[in-house]
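A.B. asks: Sharing a sequence plus its predicted fold:
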Amino acid sequence: MKKKVKVLLGMALTLALLCATLCGCGDAAAGDTARQAAEDDKIQIGMSFDSFVIERWQRDRDVFVSAAKELGAEVNIQNANGDVQQQKDHIDYFIKKGMDVIVIISIDPDELADSVKKARDAGIKVIAYDRPIPKAEVDLYISFDNEKVGELMGEAMVKAGLEGGRAVMICGSPKDRNVPMVDSGFKAVMEENGVEIIDEYYCDGWKAELAGDYVYNNPDRIEEADAIMCGNDDLASRVVHALAEKRLAGKKLVAGQDADLEACQRIVEGTQLMTVYKPIEKLAQKAAEAAVSLADGKELEGEEVSEYEGDGVRVPYLKIEPIAVTQDNIDEVIIGSGFHLKEDVYLNVPGKMPPN
C-alpha cells in the first residue's frame, strides 16, 4: 500500500512539474512575441551619408542616432563613399525595407530627385539633411542658415581690415546646393565693403587637395589677395598648408566653416582668421525629432520652420543659426560648449592656453 502511495505521489509531482514547464514555455513564448511586436512597432529611419571624409559628419551621425534611439526609433546608417549610384542604391534598399523615414545627405541632388519621388510614392517621408535637393518635393529640408554662414565669413574679414581689399573664393562642390547660398552671403558683404573678388574656384566633391593645388598653381592671384574665403575648414587646411610653404601663413585672412578641431587650432595659432561654428548637436537633435514627428504623421511647427524654394518646388525649411568664431570668442563658444577640449584646441600653443 505504501509503495502504491509513493508511486501515485511521484506521478502527481511529475505532472505538476510538467505543467509548470509548459506554462513557463508559454510565458517565455508570449514574452518573446511581445518583445518582437515592440521591435516591429519602432519607427525605422534610414540615413544615407555622402561620406565620412569630412570630420563633422561622424558627429552628426552619432548625435542623430542617439537622439532617435531616445525617441524610440531605430536608425540604419549607410555610407555612399561619395558615389551617387551607391546613394541611389541605399534609397532603393530603404524602400524595400519599408522604412518610415529616409534622411539623405546628398552627393548630387539633381541625380537623386527620381529616387526621392520613388520613396515618397511608397509612402515614406524624406528629409534632406544639411544639403537641399531642390528638384524633389522632400518633406523637410533641415540645415543651417547658409547665407548667414557666408555673411559671417565676410563680416569677420572686414572687421580684420579687409575693407577695400581683394579676396579669392575657394568654394566647395558645385553640386552642393548649399554652396551658392554661402557664396551669396559672402559676396553681399564684400560688395557692401568695396572688396574686389579677384577669382572664384570650386572644388569638385569637396576634395581638399584641390584647394591646396589652387594655391600652388595660382601664385600671382594668391600674392595679390588679402583674404581667402574657403568653403569649409577641410579646404582651409590645405590652403593654410600651402600658404605655410610659401611663408604666407598668417599673412592672408583665411576663413572656413564647421569648426573642425584643426581649424580651431589654427585660429589660436594665428594662421586662420575664423571659422563658422554650426551647432551640429542641435541640428542632429532637431532632425531626429522631426523624423519621428513626420513618421507619426504630425505637422512640423515653430518659429524655426520657414520655407525653401528649390527648382519650382517649395518645401518646409528648418533653419539653425550659425556662430562666427575667432580668437576673441573661441574659449566661450567652442570650449565652453564642450565642442572641443581646451587642451586639444591649444595643443600647439600651450603658452596661450587660458587658465581654468
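C.D. replies: That came through, no problem.
A.B. asks: Quick check: which element contains the closest residue to Val65 other than its chain neighbours?
C.D. replies: Closest residue to Val65 apart from its sequence neighbours, by Cβ to Cβ, 6 or more residues apart in numbering: Val75 at 4.8 Å. From N, CA and C alone the C-beta is placed, and that goes for glycine too. Using DSSP states H and E, the element containing Val75 is strand 73-79.
A.B. asks: these two touch, right, the residue nearest to Val65 and Asp62?
C.D. replies: No. Distance between Val75 and Asp62: 10.6 Å, which falls outside the contact criterion (Cβ atoms under 8 Å).
A.B. asks: Those two: which has the busier surroundings?
C.D. replies: More crowded of Val75 and Asp62, by other Cβ atoms under 10 Å: Val75, with 21 against 14.
A.B. asks: What residues are bridge-paired with the more buried one?
C.D. replies: Under DSSP bridges, the beta-bridge partners of Val75 are Ile45.
A.B. asks: List the buried residues of whichever helix or strand comes after the strand holding Val75.
C.D. replies: Toward the C-terminal end, the helix or strand that comes next after strand 73-79 (DSSP H and E) is helix 84-97. By neighbour count with 16 or more other Cβ atoms under 10 Å, helix 84-97 contains the buried residues Val84, Gln87, Lys88, His90, Ile91, Phe94, Ile95.
A.B. asks: Can you lay out those as a markdown table showing distance to Asp121 and pLDDT?
C.D. replies: Formatted as a markdown table, the entries for the buried residues of helix 84-97 read as follows, by distance: Cβ to Cβ, whole Å; pLDDT from 0 to 100:
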| residue | distance to Asp121 | pLDDT |
| --- | --- | --- |
| Val84 | 20 | 95 |
| Gln87 | 18 | 97 |
| Lys88 | 15 | 97 |
| His90 | 17 | 96 |
| Ile91 | 12 | 97 |
| Phe94 | 13 | 98 |
| Ile95 | 9 | 97 |
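A.B. asks: of all these, which two lie farthest apart?
C.D. replies: Of all pairs drawn from the buried residues of helix 84-97, the one with the longest distance (Cβ to Cβ) is Val84 and Ile95, at 16.8 Å.
A.B. asks: What ranges does the protein have for its helices?
C.D. replies: Counting by DSSP state H, the segments of the chain that form helices are 2-41, 56-70, 84-97, 109-121, 146-157, 178-192, 208-217, 219-224, 233-245, 261-269, 280-295, 330, 342-345.
A.B. asks: Quick one: list the elements packing against the shortest one.
C.D. replies: Using 3 or more Cβ pairs under 8 Å, 6 or more residues apart in numbering; DSSP states H and E, the elements in contact with helix 330 are helix 261-269.
A.B. asks: Return the helix it packs on as PDB; C-alpha atoms alone will do.
C.D. replies: Extracted as PDB, the C-alpha positions of helix 261-269 are listed here (Å, rounded to 0.1, in the frame of the first residue of the first chain):
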ATOM      1  CA  LEU A 261      39.500  70.800 -34.400                       C
ATOM      2  CA  GLU A 262      42.400  71.600 -36.700                       C
ATOM      3  CA  ALA A 263      40.700  74.900 -37.700                       C
ATOM      4  CA  CYS A 264      40.300  75.900 -34.100                       C
ATOM      5  CA  GLN A 265      43.900  75.100 -33.500                       C
ATOM      6  CA  ARG A 266      44.900  77.300 -36.500                       C
ATOM      7  CA  ILE A 267      42.800  80.100 -35.100                       C
ATOM      8  CA  VAL A 268      44.600  80.200 -31.800                       C
ATOM      9  CA  GLU A 269      47.900  79.800 -33.700                       C
END
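A.B. asks: which other residues reach it?
C.D. replies: Helix 261-269 is contacted from outside by 55, 233, 236-237, 240, 254, 256, 272-275, 325-327, 330, 334, 340, 344-349, 352, using Cβ atoms under 8 Å, 6 or more residues apart in numbering.
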